[in-house]
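> show me the folded form of this:
(one chain, ligands or ions: 2)
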Amino acid sequence: MPQPPPAIAPEFPKVALGEILENRSIARWTHVLKVHAPTVAPAIQPGQFVNIRTSDSLVPLLRRPMSVHRVIRDGDTPTGFAVLFDVVGPGTRALATLTKGRRLDFVGPLGNAVTIPAGTKRAVLVAGGVGVGPIKIVAEELQRRGVRDITVCYGARDFEHVVPAEDVCPHGCRLLVATDDGSVGRKGRVTSHIEDLLATGRLTPETYVFACGPVPMFQALQSLLGPKGVRVEAATEEFMGCGFGVCFGCTLRVKEDDGRTGYRLCCADGCIFPLDRLVFEGHPHGAHA
Ligand SMILES: Cc1cc2nc3c(=O)[nH]c(=O)nc-3n(C[C@H](O)[C@H](O)[C@H](O)COP(=O)(O)OP(=O)(O)OC[C@H]3O[C@@H](n4cnc5c(N)ncnc54)[C@H](O)[C@@H]3O)c2cc1C
Ligand code: FES
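Ligands and ions are numbered 1, 2, ... in the order given. Next up is the predicted model:
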């Protein structure tokens, strides 16, 4: 029998307005955008994202999701947030032109947050390319919880795509960089650092691991860490429409408890998922696609 419609409409995230404090170029293609948003900032949890209207014109029509890179504070009071973005298309090109004092229209915070187990002593954070965006806020949260042994493994294409160390993670973290051409750090994939950490016993099932990057990086981490029993929280970045569970434009495949394949929404169920639950076979950005 058909169900009657709900008596109360679901509450969707509200549009907020912030004021741009700074839009700084930190690498050839990369910017950090700081936004004053005192009513929203206290609600932001590490791992969440905001969905930004990048232009006042109709093009691009859709908002662009961006992970929160940091919460800006005045003393202990959260007053705003920063996002770190690569200029890759019309939305981010428009975002790169916004100047101090401009109004920023966004929805957020959206998505789930990291779940760092109590008693964590050691953490490894893995970033591929612009997946470096949420690393700093997660590292700061770990430090706030007293975790001192934090290693950040960061892979990028070449020196033009590497962001400065202070924009990757806070002081006190060990930063290991890899680039495809060896122009910064080790030559090769970021996962070669993960292999070393495994080999030297610095990455064990007791280590908290957070990763954000492209699908092939997630696939490599699944192969390396799954057999060792190391669990990973993966911040996924699917194409998005609405950003809050209405358009079904951001579907991800997952392994259910009973082994069957199920579906989740990156925006409303994630964007963070246990890496061992994600199914990438046939994914358009997968290593074998
Ligand atoms: C939850 C979430 C968090 C994100 N956080 C960040 C962030 O912190 N910093 C950042 O720079 N970007 C982030 N992104 C990605 C960003 O939203 C997209 O790159 C955005 O579409 C760029 O808009 P654009 O108009 O400039 O380029 P578009 O025209 O939308 O895209 C330009 C190119 O990038 C490709 N592309 C776009 N989105 C994706 C995607 N999700 N996966 C793979 N390829 C894609 C397109 O195929 C195209 O080739 C995030 C995405 C999600 C879903
Ligand atoms: S972006 Fe619309 S449902 Fe996820």
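
> a strand runs through Glu123, doesn't it?
That one is not Glu; residue 123 is Ala. Yes. Secondary structure of Ala123, determined by DSSP: H, G, I helix; E, B strand; the rest coil: located in a strand.

> which ones are touching it?
By Cβ atoms under 8 Å, 6 or more residues apart in numbering, the contact list for Ala123 reads 116, 139, 142, 147, 149-151, 207-210. (Each C-beta comes from the backbone N, C-alpha and C, glycine too.)

> where does the stretch 1-150 of the chain dip in pLDDT?
Scanning the stretch 1-150 of the chain with the threshold set as pLDDT under 70 gives 1-12.

> report the closest residue of it relative to ligand 1.
Ligand 1 sits closest to Gly89 of the stretch 1-150 of the chain, with a gap of 2.2 Å, by Cβ to the nearest ligand atom.

> selecting buried members of the contacts of Ala123 in PyMOL, what would you type?
Filtering the contacts of Ala123 down to the buried ones (16 or more other Cβ atoms under 10 Å) takes a single PyMOL command:
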select buried, resi 116+139+142+147+150+151+207+208+209+210
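
> residue boundaries of the helices in this structure?
Assigned by DSSP state H, the helices in the chain fall at 90-97, 135-144, 165-168, 191-199, 215-225, 266-269.

> for stretch 102-119, what is the distance to the chain centroid?
10 Å (Cα atoms, centre = their mean, to the nearest Å).

> quick check: buried residues in it?
104, 106-114, 116.

> what distance separates the start and the end of that stretch?
Start to finish, the residues bounding stretch 102-119 are 43 Å apart (Cα to Cα, to the nearest Å).

> coming back round to it: and the contacts of Ala123, which is closest to Asp181?
Proximity of those to Asp181 (Cβ to Cβ) peaks at Thr151, which lies at 22.9 Å.

> which pair of the buried residues of stretch 102-119 spans the longest distance?
Maximum pairwise distance in the buried residues of stretch 102-119, criterion Cβ to Cβ, is 29.2 Å, between Leu104 and Ile116.

> re the thing from before, farthest pair in the contacts of Ala123?
Longest span within the contacts of Ala123, Cβ to Cβ: Ile116 and Thr151, 15.0 Å.

> which bits of the stretch 101-250 of the chain sit near ligand 1?
Within the stretch 101-250 of the chain, the residues that sit near ligand 1 (Cβ under 6 Å from any ligand atom) are 130, 133, 237-240.

> could you rerun that using 8 Å?
Counting by Cβ under 8 Å from any ligand atom, the residues of the stretch 101-250 of the chain close to ligand 1 are 110-111, 130-131, 133-134, 212, 214-215, 235-240, 250.
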